[in-house]
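Participant: Quick one, what's the 3D model for this:
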Amino acid sequence: MLLPYLTHKCIVGEPATLEDTAAVIGRTAAGSRLTLRAFATIRADGESIRIGDNVYFGERATSHIVDAKIGTMIGDYVTVGRYGLVHACTLGDRVVVGEGAAVMDGASVGDDAVIAADSIVSPGKKLPGGWLYQGLPAKPVRVISSAEREAVARSIRLGNPHPLVRSGVLPPMSTETIPARPLNHAFL
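Facilitator: Predicted coordinates:
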């Protein structure tokens, strides 16, 4: 789905692979070869999101903005795993964001970095490129080689994430909708 927001229309370069349940909203400008898996969402409703070439978002991964304050900049060849969150931040080229990991408001991650699964890059944090980061908050673990980073990114894109970027707490991969739970009226 390509959905406008107010007067803003999405721009997505061709070719692109957008699954039927994926959504691109508002002030998004993406380069060619954007891939959005099931239920992935790029939501640029109150600020802009700029996405480079050959960027991949796994199932239920999301990019968003801070309304009227901070947009999102995503470099070329970036890979975001399932349930990954790229929120009002800057990702350099060839960055890998693991499953269930989040890069928060005003943070920046340099070229060739890997954010391990279930890690959080704190708001405003500036992480130099070429490192593996892990934890809550994400801290540098070690320098990561370009060959290892490429293998990790490829593993996400092929649906068999490397242990560094595979979450141990997410549901299994599926393009099926998660069934709705009954509403608990006791909390209303």
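
Participant: Could I get the buried residue list for stretch 2-16?
Facilitator: Across stretch 2-16, burial judged by 16 or more other Cβ atoms under 10 Å covers Leu2, His8, Cys10, Val12, Ala16. For glycine as for every other residue, the C-beta is placed from the backbone atoms N, C-alpha and C.

Participant: got JSON lines for those, with pLDDT too?
Facilitator: Shown next, in JSON lines, are the buried residues of stretch 2-16 (pLDDT from 0 to 100):
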{"residue": "Leu2", "pLDDT": "73"}
{"residue": "His8", "pLDDT": "73"}
{"residue": "Cys10", "pLDDT": "82"}
{"residue": "Val12", "pLDDT": "87"}
{"residue": "Ala16", "pLDDT": "92"}
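
Participant: Among these, which lie within strands?
Facilitator: Leu2, Val12 (DSSP state E).

Participant: any chance of the buried residues of stretch 2-16 in TSV, with distance to Thr79 too?
Facilitator: Shown next, in TSV, are the buried residues of stretch 2-16 (distance: Cβ to Cβ, whole Å):
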residue	distance to Thr79
Leu2	22
His8	26
Cys10	21
Val12	18
Ala16	15
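
Participant: Need the max-distance pair from the buried residues of stretch 2-16.
Facilitator: His8 and Ala16 (18.1 Å; Cβ to Cβ).

Participant: Low-confidence regions, the chain specifically.
Facilitator: Scanning the chain for pLDDT under 70 picks out the ranges 3-6, 173-188.

Participant: How about the contacts made by Ala61?
Facilitator: Applying Cβ atoms under 8 Å, 6 or more residues apart in numbering to Ala61 gives the contacts Arg37, Ala40, Thr41, Val80, Gly81, Arg82, Tyr83, Gly84, Leu85, Val86, Val97.

Participant: how about the helices in the protein?
Facilitator: Ranges of helices in the chain, per DSSP state H, are 146-157.

Participant: quick check: longest strand of it.
Facilitator: The chain, longest strand under DSSP E: strand 41-51.

Participant: That one pairs with which strands?
Facilitator: If you go by DSSP bridges, strand 41-51 pairs up with strand 23-30 (parallel), strand 62-64 (parallel), strand 72-74 (parallel).
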